[in-house]
Every structure is written in structure tokens, then in C-alpha cells.
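Participant: take a look and give me a structure for this.
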Amino acid sequence: MKKTKKLFAMLMILCMLVPLFGISALAADKMTNDPGSAKQWGMKAVGMDEAWGMGPTGKGVKVGIIDCGLSTATGDIARSRVEAGPNYTGSIGNSATDIEGHGTFVAGIIGAAKDNGVGIAGVAPECDFYIVKALSDMAQAVDDCVGAGCQVINMSMGTTYSSDALKSAVERALAAGVIVVASVGNEGNATVNYPAAYPGVIGVGGVDQNLNVCSFSNKNDSVFVVAPGEKVASLSLLPGVVSTKDGTSFSAPYVAGLAALLKQMNPAMDAAAFQEILAATSKDLGEAGYDIEAGNGLIQIPAALRYAAEKWGYELSDTSAPTEPDQPSGNWNIFDFSWLREFFQNIIRNLFKGLIPGMSF
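Facilitator: Here you go, the predicted structure:
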């Protein structure tokens with residue numbers, strides 16, 4: 001009896017350690033050989049299981065991420081793909097030093113390496129990154145990205161206060177042909193956030209695993225399209241660990257990743273052309289046509305690539321027939337211990353909070 005109890009206890013510990021360390025022994029439906037692939041319901045919902053075989057990978061495209069930094073310690077984004085820009089937050093280290101995890105999580109969705117046996121796979125797994133660590137200095141950060149030659153800028157952040165400086169910086173970026181993508185916010189109401197609400201910026205809301213607009217996703221005319229925003233899987237700060245998070249911050253990177261794929265196909269694509277492609281190929285949700293909850297609908301990456309390829313005379317790789325996006329059941333998984341991992345991560349974060357002057361968590 002004692003041996004049986006001991007064996008049972010060891011099995012319980014194993015079941016808890018498997019998801020804590022990102023090992024997918026319990027995964028049932030992997031799209032790539034990356035351990036966290038089975039958690040990436042969002043990639044299936046936007047068609048990446050098909051789009052990864054269509055040719056474009058984001059190679060040669062530089063994506064600017066304005067956030068809290070990016071850590072390459074995950075092992076899923078090579079240092080050679082990351083250029084550190086300015087750090088305006090006053091926190092320790094340069095822009096490639098992420099101590100919060102938000103920026104690394106965003107970057108993973110955009111461009112984590114595919115089929116490298118680590119973490120997850122991103123939408124544009126061969127794109128390059130330019131990282132600016134900024135919170136309140138968004139206008140200068142946008143100018144930095146443009147000056148560094150970024151073709152796409154992701155801003156998983158926003159403010160309810162419009163400023164002439166930020167508006168002008170965004171206008172300069174758009175005039176230079178840069179695609180600017182921003183999250184619409186998580187207040188769950190009609191609150192307007194900037195830069196998502198500026199003309200030409202692609203404002204992105206979130207949907208859940210049943211393809212319903214998330215309750216927290218803002219509803220107003222800044223929403224141009226939606227992308228996965230609930231239980232989104234991406235990289236944590238710990239090597240090999242895949243976690244899940246909610247928020248429109250994690251919806252925007254899907255669209256930024258798509259922009260990188262299209263920029264590889266046609267570097268001259270501007271915001272107006274990108275909007276045309278999104279409006280023509282996104283999956284309509286809710287009310288017929290555009291609405292303030294889902295915008296033009298859920299992005300469909302294979303359809304967007306085909307539309308653009310036909311428009312530009314670009315030859316894609318042979319792929320299987322188009323498929324409808326998966327609509328996972330959303331049922332609770334008894335083997336999902338991501339809550340436990342994040343519980344311990346929050347304990348560690350709070351223990352170190354305030355110990356180093358200027359460090360933000």
C-alpha cells in the first residue's frame with residue numbers, strides 16, 4: 001500500500017512538472033515539433049497550420065516591438081535575429097533585457113522559431129526584431145523603429161489620451177510605408193485607446209477559443225480586425241517554458257506577424273493595401289459586415305496570402321485545400337497547470353519587486 005501511494009504521488013508530481021517545464025508529453029494535437037505547439041489553438045484559428053507551408057516566413061523583414069523588452073534566454077528566438085534599440089523605461093539593462101515577460105510573450109507570437117524543438121512556433125518564424133523598451137515615450141519609440149528600418153511595428157499597448165507627438169510619429173511611420181499594428185485595449189467597453197484609434201493603424205481586438213469576441217476586448221470603431229486573445233500560448237522568460245495569457249496585447253502580434261509575411265512578398269505594401277487584404281479575407285463574425293465588436297472579422301492568414309499573391313503575381317508554395325478555422329471546444333483541461341506555473345512566477349516577481357531601483361515588474 002505504501003508503495004502504491006508513493007507511486008501515485010510521483011505520478012501526480014510528474015503531471016504537474018510536465019506543463020511547468022513546457023514538455024508536451026500530454027499534448028495530443030501538435031502542428032510542429034515545438035513542445036508548446038498543441039497549446040497554440042490560436043495558430044489553428046488563423047490558419048497557420050496551413051500557412052506555414054505556403055512559403056513566406058518573414059525572412060528579411062524587420063519587425064519593431066515597442067514593449068518592455070525581449071529576452072532571448074528562451075532559446076526560441078536567436079540573438080542574431082534581435083537588435084536592441086533604446087530603453088526609455090529606466091529599468092535595468094537595454095531593450096533586449098525583459099524582466100516582465102510581456103514583450104517576450106508578444107515576440108514569440110510574431111516570430112518564435114518553427115520546428116526547432118523549443119517552445120512554440122510564431123507566425124513569421126524567420127523575421128528579425130528591433131526592440132525598443134518604452135511605456136510613456138511611444139512617439140520617440142515609433143520614430144526609432146522607422147529610423148532603424150522597421151517595416152512593421154507592433155504596439156501591444158495604448159493610452160486613452162491622444163497626443164500630437166504620438167499622432168505625428170504614427171503619421172510619419174505610415175508615410176514611410178511602415179505597417180503599424182496596435183491592441184485596442186482590455187476595458188471591455190467603448191473606451192478608445194491610442195495609437196489603435198489613429199487613421200491607418202491596424203487596431204486589433206481579441207476572440208476566445210469559441211471564436212466569440214472576448215468580453216474584455218474594447219468595442220469601438222478602432223477595431224479593424226480580431227485575432228486570438230484568450231488563453232494565447234507563447235514564450236515565458238524561462239527557457240523552454242510555454243505559458244498562456246489573455247488580452248488584446250496578444251491579439252495584435254498575430255496581425256503584425258501576418259504583416260511581416262506580406263512584407264516579405266511585397267516590401268512596397270503600405271497600410272492601405274494591408275487594410276484592403278484584411279478586409280477582403282478576414283472571417284466575418286457576429287453581425288454581417290463590419291461591426292465595432294469584431295471589426296472586419298478574424299484574420300485568415302492563408303486567405304490573405306493567396307489574395308496578395310494573386311494581386312501581386314507572387315508564387316506561393318503548393319499547399320493543401322483551404323480549411324475552415326478550428327473552433328476548439330473550450331472545455332477545461334485537467335492537465336492544464338498553467339495557473340500553477342503563473343502562481344509561482346507571480347510569487348517570484350513580487351519577491352524581487354522593488355529590490356533594484358528603477359526596475360519595473
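
Participant: CA atoms for contacts and neighbours, from now on please.
Facilitator: Noted.

Participant: ok, now how distant is the residue nearest to the spatial centre of the chain from Ser156?
Facilitator: By C-alpha atoms, centre = their mean, the chain has its centre lying nearest to Pro253, at 3.0 Å. According to C-alpha to C-alpha, to the nearest Å, Pro253 stands 8 Å off from Ser156.

Participant: the residue nearest to the centre of the chain against Met157, yeah?
Facilitator: No. Counting by C-alpha atoms under 8 Å, Pro253 stays clear of Met157, with 11.4 Å between them.

Participant: how about the strands in the stretch 1-150 of the chain?
Facilitator: 62-67, 82-87, 128-133 (DSSP state E, counting those that start in this stretch).

Participant: let me see the mean pLDDT of the first one.
Facilitator: It refers to strand 62-67. The pLDDT scores in strand 62-67 average 98.

Participant: list the helices and strands that strand packs on?
Facilitator: If you count contacts as 3 or more C-alpha pairs under 8 Å, 6 or more residues apart in numbering; DSSP states H and E, strand 62-67 packs onto helix 102-111, strand 128-133, helix 138-147, strand 152-155, helix 252-265.

Participant: which residues of the stretch 1-150 of the chain score low on pLDDT?
Facilitator: Applying pLDDT under 70 to the stretch 1-150 of the chain picks out residues 1-29.

Participant: on that earlier part again, shared neighbours, Pro253 and Ser156?
Facilitator: Val106 (C-alpha atoms under 8 Å, 6 or more residues apart in numbering).

Participant: start and end of stretch 278-296, how far apart?
Facilitator: First residue to last in stretch 278-296 (C-alpha to C-alpha) measures 7 Å.

Participant: ok now that stretch, how far from the chain's centre?
Facilitator: On the basis of C-alpha atoms, centre = their mean, to the nearest Å, stretch 278-296 is displaced by 20 Å from the centre of the chain it belongs to.

Participant: try stretch 252-264
Facilitator: 10 Å.

Participant: what mean pLDDT does stretch 280-299 have?
Facilitator: 95.

Participant: and stretch 144-163, what's buried?
Facilitator: 144-146, 150-159 (16 or more other C-alpha atoms under 10 Å).

Participant: how about those residues in a markdown table, adding distance to Asp67?
Facilitator: Putting these into a markdown table (distance: C-alpha to C-alpha, whole Å) gives the following:
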| residue | distance to Asp67 |
| --- | --- |
| Asp144 | 13 |
| Cys145 | 12 |
| Val146 | 16 |
| Cys150 | 15 |
| Gln151 | 17 |
| Val152 | 14 |
| Ile153 | 11 |
| Asn154 | 9 |
| Met155 | 7 |
| Ser156 | 7 |
| Met157 | 8 |
| Gly158 | 11 |
| Thr159 | 13 |
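
Participant: can you put the strands of the stretch 1-150 of the chain in CSV and add mean neighbour count?
Facilitator: Formatted as CSV, the strands of the stretch 1-150 of the chain follow (neighbours: other C-alpha atoms under 10 Å):
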stretch, mean neighbour count
strand 62-67, 29
strand 82-87, 20
strand 128-133, 28
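
Participant: let me have those strands in TSV, extended by distance to Asp76.
Facilitator: Shown next, in TSV, are these (distance: least, C-alpha to C-alpha, whole Å):
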stretch	distance to Asp76
strand 62-67	16
strand 82-87	12
strand 128-133	13
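
Participant: so which of the ones you listed is nearest Val181?
Facilitator: Among the strands of the stretch 1-150 of the chain, strand 62-67 comes nearest to Val181, with 10.0 Å by C-alpha to C-alpha.
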